[in-house]
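**Student:** What follows is a predicted structure for the sequence shown.
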Amino acid sequence: MAARSLAVPKQPKPRQPHSAKEGTPGGVTWAEAIKKAIATSLEPLTIAKISSIIQVGGFRSTGANPTQAIFNELNKASEANPFRKVAPGLYALKDVGDSAPAPVPNAPVVVLAEDPEAEDEDVGDIITAIGMYWQRDLVHWGAKPKMAGIQKNGSVMVDFCDQIGIYLLYDGREVIYVGRTDKRRLGTRILEHTKDRFAARWDRFSWFGLLPVRDNGTFDELPVDFPSQKMPATLEAVLIEAMEPRQNRRRGDNIEDVEYLQQPDPSIEKKRKKEMLRELSEKI
């Protein structure tokens with residue numbers, strides 16, 4: 001099986017405001033942006049679809065972790081919450097009368113195709129961020145390694161050194177070790193594996209994080225508890241992502257919405273240039 005590409009896909013540029021009166025996309029609240037996104041659809045939407053429409057329509061700046069922000073807004077425990085969950089993983093507006101937002105010109109109209117195998121359960125409120133098949137040699141393994149990732153071009157870069165959760169070490173595509181992080185955070189635990197009995201046996205790693213990521217790229221507190229009804233879907237999603245079974249035709253439920261793409265540590269490039277200069281000076 002071919003290794004998953006780590007290239008960052010190109011994303012459509014968000015629509016820019018026509019005047020100062022209209023305001024910037026970042027000045028719109030999440031609730032307003034979600035209302036606009038849902039209003040473009042003929043059917044209820046998943047969080048993934050809502051996030052995509054917000055980005056394409058330029059309804060607001062999406063920040064470092066739009067999935068978490070959208071989930072929190074959709075599931076606010078308040079009678080004033082304008083959204084309702086109509087099915088597992090699908091959301092709509094409570095009222096479609098006078099309170100409905102005006103149609104958005106040239107906005108994409110989304111019609112959901114039925115997937116007989118899908119039972120979309122949002123797992124983004126438990127697994128808040130993941131990194132798949134990150135390369136060992138793109139991290140500078142110093143005292144506190146920088147494990148940088150972004151969700152898309154232009155989004156906030158996040159250092160996941162202090163994340164907690166589950167991680168896997170790979171030799172090529174084979175999983176050779178599964179571990180967890182808690183008091184010793186992700187960067188510390190994987191750094192230890194560059195010096196222990198696994199040091200020469202792995203070249204890639206994946207991780208599944210539990211700490212929510214704020215819009216500014218920092219971490220929020222770990223929730224006191226997790227919804228037990230979502231644990232089966234979460235465990236299934238993690239196993240599908242980690243093991244990639246041949247008979248599973250799709251990825252773990254909505255887990256792609258919280259995936260971060262690895263960014264090389266700048267110090268590695270600096271070190272490479274220094275080595276090149278040193279070699280050149282020795283030849284002169």
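**Tutor:** Yes, it's here.
**Student:** shaky segments in the stretch 151-284 of the chain?
**Tutor:** Filtered on pLDDT under 70, the stretch 151-284 of the chain yields the residue ranges 248-257.
**Student:** Which parts of it are strands?
**Tutor:** Listed in chain order, the strands of the stretch 151-284 of the chain (DSSP state E, counting those that start in this stretch) span residues 158-159, 165-171, 174-181, 204-209, 261-263.
**Student:** any idea which of these is most buried?
**Tutor:** Using mean count of other Cβ atoms under 10 Å, the stretch among the strands of the stretch 151-284 of the chain with the largest mean neighbour count is strand 204-209, at a mean of 23. From N, CA and C alone the C-beta is placed, and that goes for glycine too.
**Student:** Indicate each strand paired with that one and its parallel or antiparallel sense.
**Tutor:** strand 129-135 (antiparallel), strand 165-171 (antiparallel) (DSSP bridges).
**Student:** Put together TSV for the ones you listed, with distance to residue 39 on each row.
**Tutor:** Formatted as TSV, the strands paired with strand 204-209 follow (distance: least, Cβ to Cβ, whole Å):
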stretch	distance to residue 39
strand 129-135	29
strand 165-171	35
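**Student:** Identify whichever of the ones you listed lies nearest to residue 240.
**Tutor:** Among these, the nearest to residue 240 by Cβ to Cβ is strand 129-135 (11.4 Å).
**Student:** List the contacts of that closest one.
**Tutor:** Residues outside strand 129-135 that contact it (Cβ atoms under 8 Å, 6 or more residues apart in numbering) are 3-4, 6, 65, 147, 149, 158, 160, 163, 170, 203-209, 211, 213, 241, 255, 258-262.
**Student:** quick one on the thing from earlier: nearest to residue 273, out of the strands paired with strand 204-209?
**Tutor:** Short answer: strand 129-135, nearest of the strands paired with strand 204-209 by Cβ to Cβ, at 19.1 Å.
**Student:** what distance separates the closest one from the middle of the whole chain?
**Tutor:** Centroid separation for strand 129-135 versus its chain: 10 Å, with Cα atoms, centre = their mean, to the nearest Å.
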